[in-house]
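A.B. asks: Curious how this folds, go ahead:
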Amino acid sequence: MTSRLMTATRLLARAALIAGSFLTIPTAQAQQPAGITRTDLQRRDLSAPGREAVQVRVDIAPGKAFGRHTHPGEEIIYVLAGTFEYDVDGRPPATLKAGDVLFIPADTIHAAKNVGDVTASELATYIVEKDKPLLTLVK
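C.D. replies: From the prediction side, this is the model:
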């Protein structure tokens, strides 16, 4: 009986974790405009208390832009495909293509636009404070 109880408990715990993961979709998912797809790849606690790493694939259709926003931590970008123009406060606009990288400091206002004629894709890695919205739009 103890073995069955432990198995049932494990199954319930796994089910709760899976269900909980669907309830914690980042705020960014609800805020994304048409022509932009954000795919959450992984979210992991870091050894630094209160911090986590989040990886997201962002695909932006030609001519579309993701408006000015911030993150509660650093963003490290690797361009997978296409051509992006990044507007980071305090810097001149930067045009990046596949294979290029960009570092955006915590709480820095920035925006991205696909300036090419194919879907542009990036791998965004965030090192952020836990329990804060991953993305905050700026007006």
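A.B. asks: At the geometric centre of this protein, which residue sits there?
C.D. replies: Residue closest to the mean C-alpha point of the chain, counted by C-alpha atoms, centre = their mean, is residue 56 at 3.9 Å.
A.B. asks: For that one, which non-adjacent residue is closest in space?
C.D. replies: On the basis of C-beta to C-beta, 6 or more residues apart in numbering, the spatially nearest residue to residue 56 that is not a chain neighbour turns out to be residue 124, at 4.8 Å. Every residue, glycine included, has its C-beta placed from N, CA and C.
A.B. asks: Who does the nearest residue to residue 137 once chain neighbours are set aside form a beta bridge with?
C.D. replies: With C-beta to C-beta, 6+ apart as the measure, residue 69 is the residue that lies nearest to residue 137, at 5.1 Å, once sequence neighbours are left out. With DSSP bridges as the criterion, the beta-bridge partners of residue 69 are residue 110, residue 137.
A.B. asks: Tell me the confidence at residue 69?
C.D. replies: Note for residue 69: predicted pLDDT of 96.
A.B. asks: C-terminal to the helix or strand of the chain with the lowest mean pLDDT, which secondary structure element comes first?
C.D. replies: When the helices and strands of the chain are scored by mean pLDDT, DSSP states H and E, helix 27-31 comes last with a mean of 46. Toward the C-terminal end, the helix or strand that comes next after helix 27-31 (DSSP states H and E) is strand 36-45.
A.B. asks: could you give the angle of the next helix-or-strand element following that following strand to strand 36-45?
C.D. replies: Beyond strand 36-45 in the direction of the C-terminus, DSSP H and E gives the next helix or strand as strand 51-60. Put simply, strand 51-60 runs at 160 degrees to strand 36-45, going by axes from the mean of the first three to the mean of the last three C-alpha atoms, to 10 degrees.
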